[in-house]
Structures are given as C-alpha cells and as structure tokens.
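*Asks:* Sequence plus the predicted model coming up.
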Amino acid sequence: MKKRSRWLVAVCATANVLCATAQEPLRMTLQQIFTTAETHNASISSFKTAIKEAEDGVAAAHSARLPDLEATASVSYLGNVNIWDRPFKNRFTAETPHFGNNFAVMARQTVYSGGAISSGIRQAKLGHEMARVEAEENRQRVRFLLTGHYLQLHNLHNQEEVFNQNIALTETLICQTRSRMEQGVALQNDITRHELQLEQLRLGRARVQDAQRIISHQLTTAIGIDTTVVIVPQEEFHTELCPTDGEAEWQLLATSNNTTLQKALIGTKIAEEKVKTERSERLPKVALVAEDHFDGPVTFEIPTLDKNINYWYVGVGVSYNISSLWKRNKHLKQARTAALHSQDQQREAREGIENAIQAAYTNYLTSFTELKTQQKSVELAVQNYRIIQNRYENGLALITDMTDAANVKLDAELALVSARLNVIYNYYQLKYISNTL
C-alpha cells in the first residue's frame, strides 16, 4: 500500500512538472519569430510551391524546342469492294482481304517558328521571376504582420509593468494612509478612495494581460506553432539605435528593392514578349519532317492486293497561315496596347512608392517628436505627483487631488510606453515599404 502511494505521488509530481513546463512562456526575439515563420507559415510555404511550379513552367517551355515524335498503329476489318457504272447499274463485287493493318511513325522538328518558341521561353522565365518576387513580397508582408504583433505584445508587457509599479505604489500609499488614520490625521474615506483606485489599476492590468493572450495566440497561429504556447518578447528595442537617415536614402532603397516596382517592371517585359508572340503568328513556320508508313493490304489497286506496303520520306515543311494577315491584326494591336498599359502601371507604381516612403518617413520623424513630448510629460507628471503626495501627507491637499495626480501619472507613463514602440513601428514600416525587412 505504501509503495502504491509513493508511486501515485511520483506520478502526480511528474504531471505537475510537465504542466508547469507546458505553461512556461516561450521567450523569442523578433528574428527567431521570422525564422520560425519561414518553416511553418502556411502562406510562405504556398508561395514556395508557386516558385517550384514556375520552375516547372520554364522546363515545359524549353521542351517546345524538342522534336515531335508520333507513332500510330491500328488493325481493321475491310469489307468487299462494290463497283457500279456511273448510272449506278451493273454492280460488280470484288473480293477484298478482310484483315487490314496500319503502322506509321512521324517525326517533326521545328526549325523556325517566327520567334514564338523563344518568346514563350522568355515569358516562362519572366513568370518564374514574377513568382519569386511575389514570394518575397508575401514574405515581407508576413514579416510586417509578425512585427506588428510582436511590437504590440512588447507594448502590452511594458504596460503591464507600468500597472505593476502603480499598483505597488498605491498599496504602499494605502498602508501609509492606514497609519495616518490610526494617528487621527486621515479618514476612512481616504482609504476607500485609494482602494477604489487600486481596483481600477488591477482591472487595467487584467485587461492588458487578456490582450497579451489574444496577441500571443495570433502570433503563434501566424508562425505555425502550438497555440497553447505563450510567447514573451525577449528583444529589447532602443529608440536611440533607430537611424535618422535622410529620406533620399529610403527612396533609393525602395527603388532598388520594392517588390511592387519589380512586379511592374516584369509585367512590362511580359507584355512586350506577348507583342513578339502575336507578331510571330504572322510569320511562316519551317520544320524538318520525316514519316515511315507500313500498311496493308494495298487498297488503291483493284482488285485489292493482299500485301503489305512500306513507304517513307524526309523533307522540309513550310506552313503559313494566310488568314493571320487580317485576323491577327487586332490581337497584335491589343498586345501593343497592353504593353503601353503596363508601362503606365510601372510609372504609377513608382509614384505610389515614392509617396508612401515620403509619408512613412514624415511619420517616422513625427514619432520622435511625440516621444520627446511624452518623456517630458512623464517627467512633469511624476514631479506633480510627488508635490501633491507631499502636500497630501502634510494635510495641504485633498484625496481627490492625490487621485487625479496618480491618474495623470499613469496616463503619461502608458503614453510614453506607446510612444517608444511607435518609433520602432514606424521604423519597421519604412523597412517594409522599402522591402528590407
């Protein structure tokens, strides 16, 4: 019985350890978040498959240069031959061998296609390049989403720390007020007001903690890991390390790396290749041809010869679709218009990225101004709180003054936390627009 009890105790202890381990927060840096997403994120995996599909498309386009080889074989039952005079009189029936066989091998190698095959290969390569750029665009989009979640989670953790500090400060103030009440210099109402403020602080902290669990769940879902894991930001962000390079540097980075511009450029090249393809439809096609036939019986003789006949030939074939001279004109005109449209879209994309960088950089500089303002606000709020606290302890201020000072201090400290992370967020937004995230 004792051994069984000890065994149960050991099992329970092990289970408690495993539960504690499962609930232990997972500390991760932003780069670790990115690395995990590269392997497990469903969207990134999907675009990797699209790249592989585009690579197969290039191989398929190259196969158009290979020769065509076709083989046919058949057996058949032949009926007797009936012959009439022209007025359909005097029918004559000729016996025919009833077993027929046909076998043929045909080979064709395109020599000249008006550039259609080469253009098709170039379009396939551009399609592969487009798939690669789209995959990079999606990777940047996923990383920016993860960055937003990570910074928001970091912000909530800092807010929780602010609430913890103010809760500890309020609890100390309650203890001091109780001591003053025992000395007869404070009222029960003062303690009640402080306790009410304490409950509000605890409620604010609870809301922040709940928000952390929501963001953590969204983050784990995005990077493709167990959603029961609680992620805690490990990386510390320092606004002093954020560069203040000029807007021109960011504009240059965006021009070189932005995927929207790259996609527009590739789209223009694809449209130009389609123009070449349409133009090739109006040109002749030249091919080397070879065929070998083995047929029987010989039906072009009457009576039919019950023999096999083999014949073959090699040569050069030239084909030209004369109707393309008037049928393909509209298609060619449409392709040229599409190429002009692509060029317009490319210019539009360049203007859009330039405006986006300018707006993001302006917001980035504004966030530094907001940060300085909030730092000064916290300094003044803390100074005001200490003055009011000193006056309150000396009986020169009301409890409402003390509560107002505490609320102003809390709001200023929370705003400072958000201002710091806002600088970081605007910096990463610049990196996202310039596709250097």
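*Replies:* Arrived safely.
*Asks:* how far away is the residue nearest the centre of the chain from residue 45?
*Replies:* Per CA atoms, centre = their mean, the C-alpha nearest to the average position across the chain is that of residue 138, at 2.3 Å. According to CB to CB, to the nearest Å, residue 138 stands 10 Å off from residue 45. Yep, even glycine has a C-beta here, placed from its N, CA and C like the rest.
*Asks:* re the thing from before, just the element for the residue nearest to the centre of the chain, please.
*Replies:* Secondary structure assignment for residue 138, by DSSP states H and E: helix 116-182.
*Asks:* quick check: mean pLDDT across that helix?
*Replies:* The predicted model assigns helix 116-182 a mean pLDDT of 91.
*Asks:* Give me the packing partners of it, helices and strands only.
*Replies:* helix 30-40, helix 42-62, helix 188-223, strand 231-233, helix 259-280, helix 329-393, helix 399-433 (3 or more CB pairs under 8 Å, 6 or more residues apart in numbering; DSSP states H and E).
*Asks:* how distant is it from the center of its chain?
*Replies:* When distances are taken as CA atoms, centre = their mean, to the nearest Å, helix 116-182 is centred 16 Å away from the chain's centroid.
*Asks:* between that helix and helix 259-280, how big is the angle?
*Replies:* An angle of 160 degrees separates the directions of helix 116-182 and helix 259-280 when computed by axes from the mean of the first three to the mean of the last three CA atoms, to 10 degrees.
*Asks:* Helix 116-182 relative to helix 188-223, how many degrees between them?
*Replies:* Note on geometry: by the same axes, to 10 degrees, helix 116-182 and helix 188-223 are set 160 degrees apart in direction.
*Asks:* hang on, the earlier thing: put together a markdown table for the helices and strands packed on helix 116-182, with mean neighbour count, mean pLDDT and distance to residue 313 on each row.
*Replies:* As requested, the helices and strands packed on helix 116-182 are arranged in a markdown table below (neighbours: other CB atoms under 10 Å; pLDDT from 0 to 100; distance: least, CB to CB, whole Å):
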| stretch | mean neighbour count | mean pLDDT | distance to residue 313 |
| --- | --- | --- | --- |
| helix 30-40 | 16 | 90 | 58 |
| helix 42-62 | 15 | 92 | 29 |
| helix 188-223 | 16 | 91 | 65 |
| strand 231-233 | 20 | 88 | 74 |
| helix 259-280 | 20 | 90 | 28 |
| helix 329-393 | 15 | 91 | 35 |
| helix 399-433 | 20 | 91 | 64 |
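*Asks:* so who does residue 412 touch?
*Replies:* Taking CB atoms under 8 Å, 6 or more residues apart in numbering as the contact definition, residue 412 lies against 374, 377-378, 380-382.
*Asks:* In those residues, find the pair that's most separated.
*Replies:* 374 and 382 (12.4 Å; CB to CB).
*Asks:* so where's the longest strand in the chain?
*Replies:* strand 99-112 (DSSP state E).
*Asks:* in that strand, what counts as buried?
*Replies:* By neighbour count, with 16 or more other CB atoms under 10 Å as the criterion, the buried positions of strand 99-112 are 100, 103, 107, 110.
*Asks:* Quickly note the distance from the closest residue to residue 306 other than its chain neighbours to residue 298.
*Replies:* Leaving aside its sequence neighbours, residue 306 sits nearest to residue 97 (CB to CB, 6 or more residues apart in numbering; 4.0 Å). For residue 97, the distance to residue 298 equals 9 Å [CB to CB].
*Asks:* what's the overlap in contacts for these two?
*Replies:* Shared contacts of residue 97 and residue 298, defined by CB under 8 Å, 6+ apart, are found at residue 304.
*Asks:* The buried residues of strand 99-112 into TSV, with extra columns for distance to residue 283 and pLDDT?
*Replies:* Formatted as TSV, those follow (distance: CB to CB, whole Å; pLDDT from 0 to 100):
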residue	distance to residue 283	pLDDT
100	41	87
103	35	91
107	23	91
110	13	87
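*Asks:* picking up where we left off before, residue contacts, the closest residue to the residue nearest to the centre of the chain other than its chain neighbours?
*Replies:* Leaving aside its chain neighbours, residue 138 sits nearest to residue 47 (4.8 Å; criterion: CB to CB, 6+ apart). By CB under 8 Å, 6+ apart, the contact list for residue 47 reads 131, 134-135, 138-139.
*Asks:* and those, which are buried?
*Replies:* Using 16+ other CB under 10 Å as the burial test, these include 131, 134-135, 138-139 as buried.
*Asks:* Kindly tell me how buried residue 87 is, as a neighbour count.
*Replies:* Other residues near residue 87 number 6, with proximity taken as other CB atoms under 10 Å.
*Asks:* Could you look up the SS state of it?
*Replies:* coil (DSSP: H, G, I helix; E, B strand; the rest coil).
*Asks:* Could you do residue 436 as well?
*Replies:* Classification of residue 436 into helix, strand or coil gives coil, according to three-state DSSP.
*Asks:* Could you list the buried residues of stretch 247-261?
*Replies:* 247, 250-251, 253-254, 257-261.
*Asks:* Restrict that stretch to CA atoms and write it as PDB.
*Replies:* Taking C-alpha atoms only, stretch 247-261 is exported to PDB below (Å, rounded to 0.1, in the frame of the first residue of the first chain):
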ATOM      1  CA  GLU A 247      14.500  60.500 -46.900                       C
ATOM      2  CA  ALA A 248      16.700  60.100 -50.100                       C
ATOM      3  CA  GLU A 249      18.400  57.000 -48.600                       C
ATOM      4  CA  TRP A 250      15.000  55.400 -48.100                       C
ATOM      5  CA  GLN A 251      13.800  56.400 -51.500                       C
ATOM      6  CA  LEU A 252      16.900  54.800 -53.000                       C
ATOM      7  CA  LEU A 253      16.400  51.600 -51.100                       C
ATOM      8  CA  ALA A 254      12.700  51.400 -52.200                       C
ATOM      9  CA  THR A 255      13.700  52.000 -55.800                       C
ATOM     10  CA  SER A 256      16.100  49.100 -55.600                       C
ATOM     11  CA  ASN A 257      14.200  46.600 -53.500                       C
ATOM     12  CA  ASN A 258      10.400  47.300 -53.600                       C
ATOM     13  CA  THR A 259       8.600  44.300 -55.000                       C
ATOM     14  CA  THR A 260       5.700  46.400 -56.400                       C
ATOM     15  CA  LEU A 261       8.200  48.200 -58.700                       C
END
